[in-house]
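Participant: Only the shape, not the letters, is given here:
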């Protein structure tokens, strides 16, 4: 029978049957790992909440700006309806609108599109109408409106202010 050289896996103090880690050493290392994970969880949750809210704000402000540009480009009014109940928005246009006949019968041009996760809340249902001249009016709700997200016991919020000419400011 061939003898193996155990000097590579064992320290010089241990006998040839004591290679590896003891149960106590493994428990200490696992305890340290669990403590570090417990300290990191609140930071990770806060970061996820921050990016969730930022994504919703970017989606809403981008929708407002691009719908305004689309209205100017197509020469017909558009509407963006933001729904509080399910965090979605829907775009519609007024294809029968003319400058001499300003009656708007909206026709949906998109399905319901989500703008934020379930945890993001819109302050109120909001409908914005964009005219081909570039200005806009709030048919439902008002500027400013707020998007918020609960993080533990605190609430993070961003206020979106939209001017009559479509300038979007986020605070």
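Facilitator: Structure received. Note that the coordinates shown come from a computational prediction; the quantities given were computed from them, not determined experimentally.
Participant: buried set for stretch 27-42?
Facilitator: Under the neighbour-count criterion of 16 or more other CB atoms under 10 Å, stretch 27-42 has nothing buried. Every residue, glycine included, has its C-beta placed from N, CA and C.
Participant: which SS state does residue 128 fall under?
Facilitator: When classified by DSSP: H, G, I helix; E, B strand; the rest coil, residue 128 comes out as strand.
Participant: Isn't it up against residue 65?
Facilitator: No: counting by CB atoms under 8 Å, residue 128 stays clear of residue 65, with 11.2 Å between them.
Participant: Tell me which of these two has more neighbours.
Facilitator: With neighbours defined as other CB atoms under 10 Å, residue 128 and residue 65 compare such that residue 128 has more, 24 against 14.
Participant: out of everything not next to it in sequence, what's closest to that one?
Facilitator: Leaving out its chain neighbours, the residue that sits closest to residue 128 by CB to CB, 6 or more residues apart in numbering is residue 80, at 5.0 Å.
Participant: Surely residue 161 touches residue 146?
Facilitator: No: taking contacts as CB under 8 Å, residue 161 lies outside contact range of residue 146: 10.1 Å.
Participant: which residues of this structure score low on pLDDT?
Facilitator: Along the chain, the parts satisfying pLDDT under 70 run over 1-18.
Participant: Give the other helices and strands that the strand of greatest length in the chain contacts.
Facilitator: Counting by DSSP state E, the longest strand found in the chain is strand 154-162. On a contact count with 3 or more CB pairs under 8 Å, 6 or more residues apart in numbering; DSSP states H and E, strand 154-162 meets helix 23-74, strand 145-151, strand 168-170.
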